[in-house]
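Participant: Whatever this is, show me its structure:
(one chain, ligands or ions: 2)
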Amino acid sequence: MLEEEENGVDPRLKAITAAIRVVPHFPKPGIMFNDITTLLLHPKAFKDAVEIFVERYRDMGISAVAGIEARGFIFGPSIALAIGAKFVPLRKPKKLPGEVISEAYVLEYGTDCLEMHVGAVQSGERVLVVDDLVATGGTLSAAMSLLERAGADVVECACLIGLPKFKGRCSLNGKPVHVLVEAINKSM
Ligand SMILES: O=P(O)(O)OC[C@H]1O[C@H](OP(=O)(O)OP(=O)(O)O)[C@H](O)[C@@H]1O
Ligand SMILES: Nc1ncnc2[nH]cnc12
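Facilitator: Ligands and ions are numbered 1, 2, ... in the order given. Reported below is the predicted structural model:
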């Protein structure tokens, strides 16, 4: 059940935000790295984050949750199990043993590629994409391209954190992006 809202804001978000650590200059000078491993050390805040997503997605007819390696694997499977959906891992190159389709993309601090097993999703299947954070949106775009190339219907992208460079945007390539908290810009 939803806890009572304060000024229209879910009170659980405060503790979630407080549990995220910001590490300056990681992995490169100038990057303010938003580290969710500190959230994982707080079971109540971690559980609340998953539950907020579950409350949003449980009645949306979603049959697959696609999680982005690596940090989308931390939140995606719990959301999938709770809403009765399958979990589809979108992995970095050369990790999946079967036949794959691939999409390259540009990151804040480099380039990378995502792969998905052929047959992991069916044509017309309603899919939720999950990751910990959106910065430029390049990773989410690559994930959506993979799923759409397989014929899936991407319902929404769900991220725990939205970086300032993504602020104000609530869609990407015409698909909704739902962010729980905006990134904090100071270290702790
Ligand atoms: O919006 P974007 O600019 O594309 O950046 C967001 C992506 O960057 C991070 O992953 P990273 O590529 O660092 O990989 P990791 O999770 O394996 O560390 C994060 O977990 C997102 O997947
Ligand atoms: N600033 C950031 N913190 C954590 N993960 C990221 N991925 C891309 N930019 C990031």
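Participant: which bits of this structure sit near ligand 2?
Facilitator: Residues of the chain found near ligand 2 (Cβ under 6 Å from any ligand atom) are 31-34, 108, 133, 135, 163. All C-beta atoms are positioned from the backbone trio N, CA, C, and that covers glycine.
Participant: What segments of this structure are strands?
Facilitator: For the chain, applying DSSP state E gives strands covering 21-24, 32-35, 64-68, 86-90, 100-107, 110-117, 126-134, 153-162, 171-172, 175-182.
Participant: now for those strands, which one comes closest to F75?
Facilitator: The stretch from the strands of the chain with the least distance to F75 (Cβ to Cβ) is strand 126-134; that distance is 5.5 Å.
Participant: just how off-centre is that closest one within its chain?
Facilitator: 4 Å (Cα atoms, centre = their mean, to the nearest Å).
Participant: Paired strands for that strand, with orientation please.
Facilitator: Using DSSP bridges, strand 126-134 pairs in its sheet with strand 64-68 (parallel), strand 153-162 (parallel).
Participant: Name the residue closest to the centre of the protein, please.
Facilitator: In the chain, the residue lying closest to the centroid (Cα atoms, centre = their mean) is D131, at 1.7 Å.
Participant: circling back to that earlier point, can you lay out the strands paired with strand 126-134 as TSV showing mean pLDDT?
Facilitator: As requested, these are exported to TSV (pLDDT from 0 to 100):
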stretch	mean pLDDT
strand 64-68	99
strand 153-162	98
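Participant: Tell me which of those strands sits most buried.
Facilitator: Sort the strands paired with strand 126-134 by mean neighbour count, taking mean count of other Cβ atoms under 10 Å, and strand 64-68 sits at the top with a mean of 26.
Participant: And the strands paired with strand 126-134: which comes nearest ligand 1?
Facilitator: In terms of Cβ to the nearest ligand atom, the element of the strands paired with strand 126-134 nearest to ligand 1 is strand 64-68, at 5.0 Å.
Participant: So, low pLDDT: which residues of this structure?
Facilitator: Counting by pLDDT under 70, the chain shows low-confidence ranges at 1-6, 109, 167-168, 185-188.
Participant: buried residues in whichever helix in the chain runs longest?
Facilitator: For the chain, the longest helix by residue count, based on DSSP state H, is helix 43-57. Within helix 43-57, the residues scored as buried using 16 or more other Cβ atoms under 10 Å are 45-46, 48-53, 56-57.
Participant: From the residues of the chain next to ligand 2, keep the buried residues only.
Facilitator: Using 16+ other Cβ under 10 Å as the burial test, the residues of the chain next to ligand 2 include 32-34, 133, 135, 163 as buried.
Participant: Run a quick check on L146 versus E103, I expect a contact.
Facilitator: Yes. Counting by Cβ atoms under 8 Å, E103 is a contact partner of L146 at 5.0 Å.
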